[in-house]
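Colleague: with the sequence up front, the predicted model follows.
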Amino acid sequence: MTPLALARPALAWIAAALTALAATAPVLATSTPAALASAPAQSAQLDPLDSPRWEDMRKAFFEGATVVFDERIKVVGPSVAEDSLNVPVTVDASAVPGVEELIVFADFNPIVKALRFEPGAAQPRLGFRIKLQQSSPVRAAARTADGVWRVGGAWITATGGGCTLPSVGSGSPEWQERLNEVNGKLWPRLDGGERLRMRIIHPMDTGLAAGIPAFHIEEIVITDAEGHTLSRIQPLEPVAENPSFTLDLRALAPGARLHIAGRDNNGNRIDAWVTR
Amino acid sequence: MRTASTPLRRTDAAKRPPAAGSGAGSAPARAPAGPIHRMARAGERMSVVVQRLSMPGRVLAILWTCLLLLAAPTHAETFDYRLQARELAPGAWVIVGLKEDFSFANGGNIVNTGFIVGREGVIVIDTGSSKRYGEQLLAAIRRVTPLPVVLVVNTHHHPDHFLGNQAFPRETLAALPDTLAAIRSEGEGFNANMYRLNGDWMRDTEVVVPTRALAVGRQRIGGRDVELLALGGHTIADLVVVDHDSGTVYAADLVFHGRTPTTPHADIPLWLAALDTLERLPTRLWVPGHGEPTPDTRALRQTRDYLGWLAQTIRSGAESGQDMTDLFQTPIPQRFAGMALAKEEFRRSVVHLFPAAEQSVLEAQRTPTPK
C-alpha cells in the first residue's frame, strides 16, 4: 500500500471532522455511542423543517452515516401544491463540490423515497415532478465522496391524494402503444453546458390505488454517442406520471446526441436518442 | 377529454384531486385555525384542566368558561358577509367581492354577484361561495325589490359561482349544458375543498346542480331585454349576461379587474377569442367576475394583456428549455404589479399551463418506441 493510499482515508476523516466543526449545521449522528444515544432528542429539535418524521428518515436512509443539514442543498418548488399529482421540484446540490449521489424523499408520503440520482457528468441538479399524498417536507440528500450526507428541503403544502389515485394512463389503453417513448431535446446553455429535457411516457402507478399494481420506471441511464455513462436516474413510484426531467450536462460537441436507456419494473425497455 | 393527438395529456379533470378557486386555483392551503376551531380546542383543554381542580376551583372554572362562552358571539364570527348591493344603472345591480383568495377571514366573499330587476321579476347572476352567501344575497335583493326571482344563472362551474344555489328556488336555477355537467362531476370535490379553505362559513353548504339548461340568445326575462351568450376559455363554458335595457354586461370570469385571472380550467386562445367577441358588444358598463366594475373596456383590456403575456411567457419558457421551477422565478411586469395576487396566480398558472406547452415542444422531437 502506498503512503498516498494510506493518507487518503485519514485526509477524508480530517476533512469530515473540519466540516463538522465549521458547519453551523450540527452533526446529527456520528460513530460514537454517546452521540448516538443523544441523537434522537437532539435531531428532533434540530431539523430545520421541524418534522416529527425526521428521526425515522434518518434511520431509514442514513443509519451509521454522518448526516448534516446544509442550506446549500436546495429544494425549489411551490409552497402550495396546485396539483398533488404533479408537484414541480428542482433539487439542487450544485453549491457543494463533489456530489456523487442525490436522493429525494418526502417524509409524509406513503412511499417515502422518490428518486435516486447519480449526476456523473451532469450538475448535481435535477428538475422533475413528484406526487404528494399530503403536506410534507420534500428533502434532497447529497452524498460526497467522504460519505457525508448533506440534507436540505422545503415544506410543500398539499391537499393530497397524489399517491393513492390511479394514473390517467391506467384508465386508458392508449398509453400501451407509447409506453416508454422518450420525447427529449437538448439546448445549449449560456454557461457553455448542455441542458437536457425529456419526458417519458409511463403511468408510474404507485400500487396504492385499488386493483392497480405498482408499475414504474426503475432506471434511466444517459450515455454519450461513444457509450460513456454520463448520468443515472433511478425513479420510484412517487415520481409523477409521464415523468419529465431537466438536467444540465457539460458541453457536447455540435451535432452530438445522447442515448437514453433504461427499464421499468416489468422489464419494459427504454431506448431512445435525444438531439438538439 | 382526451384527443388522439394528445393521448396521455393529463386533462382528465375527474381524476384530479379537487381544485377550488375563484377560479379554482386549488390553493389547498393548510387550513389555518379559525376562531371557532381555536375556541373548540381551547374548550377541550379547559375540560382537562377542570377535572384536576378542587371543588370550589371547579365551580369557578366552570363559571368562568360559561362567561367566556356567553361573551364569545360578540367577538367570534357572526358569518355576515356584509353584502352591499350597488345599482350601476337603473335595475342593474352588483355586489363586489374582495380581491383576495379564499380564507377563513373572508369566507369566500371574493366574487362579484349581480342581479337585474325587471318589471316582472329578478334575474340573479351567480350565487356566491356558500349557502350563507346565497341567503345573504337573497336578503340583499329583498332590500331592493319584492319581485319574484325568475331566473338564477351560474355563469360557470367554479365553486364561488354556484355554492349559494341552495338559497334559491330549484326551478329558477339554470346554466349552460357543459356547466351543468361540470358541476355534476366536480361540484362535490370543489365543495369539500371550500370547507377546507373557508371553514365554518361553509356550514350546511351542499351542491345543488341546476336542472335547467339555458337557451342562449336575446330574450325577455322578467320583463327585461337580456341576451345570454355562451362563450368559453376561462372554463369549458362561460355564460355572459347582457342587460340591453341598461347597457350592462355581466362578463363573469372572462373578465378580471385589478385581480389576477385564474386559469385552472383555462384555454387561453379560446378565452382571448371570447374577449374579442365581448369587446364588440354595444354596452357601456362592465361587470367583471372579480374586481371593480368599469364604465369602459379597461378591465377587458387588462385581462387580455395579462393572458397574452402569460401564454407568451409559458410558451417561450418551454421553447427555451426552462422547467416549471425556472419559470416560477419570472419577474411579473410592472404593469401587472397592481393586480392582486399576481405572483401567486402566475405560479399556479405555470402549473396549469406549462405541461401542454412542454409537451408540444418535446413531442416535436418525437422518437419511435423500440419494438
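Modeller: Arrived safely. Quick caveat: nothing in here was measured; it's all calculated off a predicted structure.
Colleague: show me where the stretch 51-200 of chain A has its strands.
Modeller: Along the stretch 51-200 of chain A, the segments classed as strands by DSSP state E, counting those that start in this stretch run A:67-69, A:74-76, A:87-92, A:99-106, A:113-118, A:122-130, A:136-144, A:149-156, A:182-188, A:194-200.
Colleague: how far does the last one sit from the chain's center?
Modeller: Counting by Cα atoms, centre = their mean, to the nearest Å, strand A:194-200 is centred 16 Å from the centre of its parent chain.
Colleague: what is the burial count for A:A95?
Modeller: Residues within reach of A:A95, counting by other Cβ atoms under 10 Å in any protein chain shown, total 16. For every residue, glycine as well, the C-beta is placed using N, CA and C.
Colleague: how about the nearest residue to A:D83 once chain neighbours are set aside, what does it touch?
Modeller: Using Cβ to Cβ, 6 or more residues apart in numbering or on different chains and skipping the chain neighbours, the partner closest in space to A:D83 is B:V351 (5.8 Å). B:V351 sits next to A:78, A:82-83, A:86, A:88, B:324 when contact means Cβ atoms under 8 Å, 6 or more residues apart in numbering or on different chains.
Colleague: redo that, cut-off 10 Å
Modeller: Counting by Cβ atoms under 10 Å, 6 or more residues apart in numbering or on different chains, B:V351 touches A:78, A:80-83, A:86-88, A:129, B:25-26, B:263-264, B:324, B:327-328.
Colleague: kindly reformat the strands of the stretch 51-200 of chain A as CSV containing mean pLDDT.
Modeller: As requested, those are exported to CSV (pLDDT from 0 to 100):
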stretch, mean pLDDT
strand A:67-69, 96
strand A:74-76, 98
strand A:87-92, 98
strand A:99-106, 98
strand A:113-118, 98
strand A:122-130, 97
strand A:136-144, 98
strand A:149-156, 97
strand A:182-188, 94
strand A:194-200, 96
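Colleague: okay, now the unreliable bits of chain B?
Modeller: Applying pLDDT under 70 to chain B flags the ranges B:1-77, B:365-371.
Colleague: and it, split by domain according to the record?
Modeller: Following automatic domain parsing, one gets these domains for chain B: B:39-75, B:86-254+B:288-294.
Colleague: near chain A, anything from the longest one?
Modeller: Yes - residues of domain B:86-254+B:288-294 contacting chain A under Cβ under 10 Å from any Cβ of the partner chain: B:189, B:192-193, B:196-197.
Colleague: so how far is that domain off the chain centroid?
Modeller: On Cα atoms, centre = their mean, the centre of domain B:86-254+B:288-294 falls 10 Å from that of its chain.
Colleague: for that domain, measure first residue to last.
Modeller: 13 Å (Cα to Cα, to the nearest Å).
Colleague: what are the boundaries of the helices in the chain?
Modeller: This is for chain A. Secondary structure of chain A by DSSP state H: the helices cover A:3-22, A:33-46, A:54-62, A:174-178.
Colleague: I was after chain B.
Modeller: Using DSSP H, the helices of chain B run over B:35-52, B:55-75, B:131-142, B:177-198, B:268-279, B:298-319, B:324-327, B:342-363.
Colleague: deepest of the ones you listed, which one?
Modeller: Highest mean neighbour count among the helices of chain B (mean count of other Cβ atoms under 10 Å in any protein chain shown): helix B:324-327, with a mean of 23.
Colleague: now do that helix: which elements does it pack against?
Modeller: Counting contacts by 3 or more Cβ pairs under 10 Å, 6 or more residues apart in numbering or on different chains; DSSP states H and E, helix B:324-327 is packed against strand A:74-76, strand A:87-92, strand A:122-130, strand A:244-249, helix B:298-319, helix B:342-363.
Colleague: related to what we said a few turns ago, export the strands of the stretch 51-200 of chain A to TSV and append columns for distance to B:S316 and mean neighbour count.
Modeller: Shown next, in TSV, are the strands of the stretch 51-200 of chain A (distance: least, Cβ to Cβ, whole Å; neighbours: other Cβ atoms under 10 Å in any protein chain shown):
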stretch	distance to B:S316	mean neighbour count
strand A:67-69	37	23
strand A:74-76	20	20
strand A:87-92	18	26
strand A:99-106	29	22
strand A:113-118	28	21
strand A:122-130	17	24
strand A:136-144	28	25
strand A:149-156	27	23
strand A:182-188	13	20
strand A:194-200	14	23
